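Predicted model and sequence follow; I will ask about them next.
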Amino acid sequence: MNEMSNKWIGQSTIRPDGAEKVTGRAEFAADTNMPGMIWGSVLRSPHAHARIVSIDTSKAEAHPGVKAVVTAQDIVDFPVDTPVPLGIQDMRWMCRNIMAREKVLFHGHPLAAVAATSEAIAAEACKLIEMEYEVLPWVIEIEDAIKPDAPILHEYLEHDGKPSNITGTLEHKLGDVEEGFAQADVIIERSFTTRPVHQGYIEPHACLVSVAADGKTTIWSSSQGQFMVRAMTAMLTDMPQSDIRAIPAEIGGGFGGKTIVYLEPVATMLSKKSGRPVKMVMSREDVMRASGPTSGSMSTVKIGATKDGQIVAAEGTFYLQAGALPGSPIRGAAGCGFAPYNIPNVHSVGIDVVSNRSKVAAYRAPGAPIGAFAVESVLDEVAEALNIDPLELRLRHAAREGTKAAHGPTYPLIGFVETIEAAIEHPHYKAPLGKHQGRGVASGFWFNAGGESSAQVNITEDGNVVVTTGHPDIGGSRAAIANVAAELLGIDYRRVSVLIGDTATVGYSNLTGGSRVLFASAMAVTDSAGQVITTLCERAAKIWDIDPDAVTWEDGEARPAGDNAGQFEPLSLADIAAQATQTGGPIGHGAQLNTTGAQGGFATHICDVEVDMDLGIVKVLRYTSFQDVGRAVHPAYVEGQMQGGVAQGIGWALNEEYIFDKDGHVDNPGFLDYRMPVCSDLPMLDAVMIEVPNPAHPQGVRGVGEVPLVPALAAIANAVHNALGLRFSSLPMSPPKVLAALEMPEAAE
Amino acid sequence: MTDIQYVAPNTLDEAVGAFAAAGDDARVLAGGTDLLVQMRSGMVEPGLIVDIKQVAELTSVEETADGGFIVGAAVSGAVLEEHPRFGQVWPGVLEALNLIGSTQVQGRASAGGNLCNGSPAADSVPAMYAAGAIVTVQGPNGSRQMPVEEFPVGPGKTNLAPGEMLVSFTLPPRPPASSDAYLRMIPRTEMDIAVVGVGVSLTLEDGVCTAARVGLGAVAPTVLLVDAAAEALIGSTLDDAALDAAAAACSAACNPIDDKRGTIAYRTKVAGVLLKRTATIAADRAKGA
Ligand SMILES: Cc1cc2nc3c(=O)[nH]c(=O)nc-3n(C[C@H](O)[C@H](O)[C@H](O)COP(=O)(O)OP(=O)(O)OC[C@H]3O[C@@H](n4cnc5c(N)ncnc54)[C@H](O)[C@@H]3O)c2cc1C
């Protein structure tokens, strides 16, 4: 396939969900309604940390219009001493996150839920639930949470033999760093902090759940994985998975934040108890207080190099906030930070820290931007100390085929070098800069992923094609799959409809995350389409009464393989479909695979900024990202992924942060004061796609969605350093912080 | 749950009558871009909404014989933008009003709503202070006028007596070589709330500033009229020394809070920076006027 001159792969074909979305017809979870439907509302903790002494729901239950009340008693309890992993989650923590048990662990932590005939009645009834708390001291920031006298969130979780807020560690080692640093002439060691940032999807979490009298349950919800919704709901409500049909709605953004459940199990129990369909929709405030974000961090990175420019050792310690329950993406921070480089001696440690804020959820390359921010900032300083161009330093050490990475793998064919070379050659890198302007570069890595994927390719009776896959489309997978299927079958892409099946209509498919979906589902579709083509050839052979081996499939039609096969007019898909009944029945095939061969994604970014010296505002003037995209099956979507990642990185670097008040409450739970960038904050984000096809994939696909966020924080910080001579080790570089640093350079720390 | 009544009277008297009769329970609706947001979040639960957008006095822009303007309290930024003369005479007031929100919001949001909402960070208010606007209000006991800077009395609090509503802004006629400007500092480029806002209006005669007014927003419980800054500008050629003195006066006038939108130190410094930039723009405009 890679060598083929492709007709549809590589075309920015019209997206199949476009017309419905721009005309307002696309059905999101909150648009779903059912006869007899009632509304669920959640009572949330007013405290950052408290022991639950008692919950009395009797007044709420007696309130007119109330149909059901649910508390932690209604949710399956997974005892804290036995891990129950499900994907990257652990059900011990999931059950405690969706409904507080024993303790409330953050302001906004769900305590109970009410279903009533209107949203207003449900909310009113929540206020009638009588709670008794023993309020406990709380802790938000990492540095406070790891102090010896810090309030402990989970007494049963120990570190170094004592109850601790450090709830997990991970270590990668390559070579011997001590020996490495001994050879170094230049050693730079710096510490960094980043703030937690929210995924910022536009659509709040929402679901509608109907539990029928026989227990058969239907869930419509906004998620990145209908099978994840089914599995978690089944476990948390003690139902067989076969009783639950989870239907993926159109999704208004996820970025990782919809890889876990918040509402579905609660709505399921409310529906079960009330006998009515129950709808629940989070407010923006709930989203900001109680869902996501990704971790804040505190890290230290040390890199040593010889004076001739060889990096000989690198060491990193990355503390990540997990939120109230364990499970921060330390693997992304500690694993990805050094992964782009061929460094002989590496020691990288990730440390998971809990504190009284909402449990983190995946966010685009979870953890990796945090690692890259620290590593790429220090690399910049190393380049400066050695007087080497920062891209040249990266190029000299760039991982390539055969490089052994500290986090485990020896790389197969990868395209990192190409991204750096393209950046060096690009006019952006040589463009002149004005006063108070600076340029920064950085690179980044993301693992990418394969895993379980199912697909079904069916030929309609009139000779068109319906493809069903099992992954919610958050980044263009339907459009890309249409291209792949059209290419394989040799037909116009408009004859292929791509649908996302629900848990009852398509085979198990792991969730949309890790930049895995096109990689995995294109493999399942390729396998299915291959079987379909075999069948089509067999049917043609039957019609012609020749051997199936004597038939080939070309340009959307069956043709005799050669002169020996005989002289027959080609049979189109429509011709064969018309005779399907007589030749053996309906035509369609599926595949259910555990895909392997996903390979890492690499990117290099160049960023120009200008600083308003009197107001401290950092403006991004120009941004170009270079990425090995494997194969750009649908280039407009790939470009969109690259731009989207950078836009999120700009927000993370410059303005986004949670602000807590003196009671441990989030003080900015909305888009007014949680400052994600708006369009006018951004220049055109140029995306240079470099195609080094993945040899392990039939279309050469690598994941493309996550790595574009990874280098951005450091690229921007390095640009600010270049402009001002000041290095910001703590994000965000918000105007007050920048102005303070301009007036007093120590403040940059 | 209480039902919400909605009325949209055609005359000012009817509007004031309905509003006053309902007492505390009523809210005036101009563009609704504050009110509806506050209702959705449960901050206010009015029993009666008096929509004032059918009332002529409240929705018209009139250029008076002497060259002044009377702008109805409910005139939206988008409507004011379309007025053939207003933006030439009061570019600063217009730019302040049309910094509010986005195109969609500007189609609704009014200067009256901006003022009555009582936010110290309201964008059009410092520009109105600088312009020297006089506001007219009407209530069950008739109508009265006051300088705009006497209208706000605290965050969310105004000088309106029970039953009174804001009717219009009267902007004075302009001498030659006069203009105004408004700048705000926000961490983003739009859809944000002012961390500091500065409005400057001035008149030049042979390059010398002969009159000036300075309004300063988001640095105190109400928008401030900074006389000391105006005095520093008056009599000068807007040279660096005068601008520095005016900037220092703005910084000195600040009485801000440290909050999620900005620190005390930052706001204080930025007030001075913006004064200089705003005065320079107003002066450039005045020279061209
Ligand atoms: C997305 C968005 C962005 C925004 N951005 C900005 C911004 O950048 N800068 C800014 O300053 N504001 C901003 N706002 C706030 C708001 O748009 C402005 O304050 C606007 O000027 C309010 O005008 P309105 O006509 O919509 O007022 P309304 O919402 O109709 O009224 C506001 C308040 O004043 C009262 N009121 C209105 N008119 C009268 C009257 N004539 N007499 C007595 N009381 C009255 C109402 O009862 C209400 O309490 C934004 C709002 C939104 C939703």
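The structure has been received and is ready for your questions.

ok, the residue nearest to residue B:208 when sequence neighbours are not counted - contacts?
For residue B:208, ignoring the flanking residues on the chain, the nearest one in space by CB to CB, 6 or more residues apart in numbering or on different chains is residue B:237 at 5.8 Å. Bear in mind the C-beta positions are built from the backbone N, C-alpha and C, glycine included. By CB atoms under 8 Å, 6 or more residues apart in numbering or on different chains, the contact set of residue B:237 is B:207-209.

of all of the stretch 201-350 of chain A, which residue lies closest to the ligand?
Per CB to the nearest ligand atom, residue A:284 is where the stretch 201-350 of chain A lies closest to the ligand, at 12.6 Å.

Residue in the stretch 101-250 of chain B with the shortest distance to the ligand?
Taking CB to the nearest ligand atom, the stretch 101-250 of chain B has residue B:113 as its residue nearest the ligand, at 2.0 Å.

for the chain, what's the longest helix?
Just so you know, I chose chain A. Ranked by number of residues, the top helix in chain A under DSSP state H is helix A:517-544.

You answered for a different chain; I wanted chain B.
The single longest helix within chain B, with elements called by DSSP H, is helix B:264-288.

quick check: mean pLDDT across it?
Mean pLDDT, computed over helix B:264-288, is 96.

just to revisit the earlier point, give the next helix or strand downstream of the longest helix of chain A.
Proceeding N to C from helix A:517-544, the next assigned helix or strand is strand A:551-554, under DSSP states H and E.

Direction included, what does that following strand pair against?
According to DSSP bridges, strand A:551-554 forms sheet pairs with strand A:557-560 (antiparallel).

what separates the partner strand from the chain centre, distance-wise?
Strand A:557-560 has its C-alpha centroid displaced from the chain centroid by 43 Å (CA atoms, centre = their mean, to the nearest Å).

Dump that strand to PDB, restricted to CA.
Output of strand A:557-560 as PDB, limited to C-alpha atoms (Å, rounded to 0.1, in the frame of the first residue of the first chain):
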ATOM      1  CA  GLU A 557     -14.200  -4.200 -10.200                       C
ATOM      2  CA  ALA A 558     -13.500  -7.900 -10.700                       C
ATOM      3  CA  ARG A 559     -11.400  -8.600 -13.700                       C
ATOM      4  CA  PRO A 560     -10.100 -11.800 -15.200                       C
END
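
C-terminal to that strand, what's the next element?
Scanning forward in sequence from strand A:557-560 by DSSP H and E, the next helix or strand is strand A:571-572.

Now do the contacts for the residue positioned nearest the centre of chain B.
With distances taken as CA atoms, centre = their mean, residue B:125 lies nearest the centre of chain B, 2.1 Å away. Counting by CB under 8 Å, 6+ apart, residue B:125 touches B:114-115, B:148, B:152, B:215, B:217, B:223.

ok so, going back, find the nearest non-adjacent residue to the residue of the stretch 201-350 of chain A closest to the ligand, please.
Leaving aside its chain neighbours, residue A:284 sits nearest to residue A:670 (5.4 Å; criterion: CB to CB, 6+ apart).

Spell out which parts of chain B neighbour chain A.
B:1, B:185, B:187-193, B:195, B:260-263, B:265-266, B:269-270, B:273 (CB under 8 Å from any CB of the partner chain).

What is the longest helix of chain A packed up against?
strand A:451-459, strand A:465-469, helix A:477-489, strand A:551-554, strand A:557-560, helix A:573-578, helix A:580-583, strand A:588-595 (3 or more CB pairs under 8 Å, 6 or more residues apart in numbering or on different chains; DSSP states H and E).

Residue B:230 contacts residue B:213, doesn't it?
Yes. Between residue B:230 and residue B:213 there is a contact at 5.4 Å, judged by CB atoms under 8 Å.

So residue A:150 sits against residue A:165, correct?
Yes. Using CB under 8 Å, residue A:150 is in contact with residue A:165, at 5.9 Å.

Counting neighbours around each, name which of those two comes out higher.
Taking neighbours as other CB atoms under 10 Å in any protein chain shown, residue A:150 and residue A:165 compare with residue A:165 leading, 25 against 17.

Please report how far residue A:697 lies from residue A:383.
34 Å (CB to CB, to the nearest Å).
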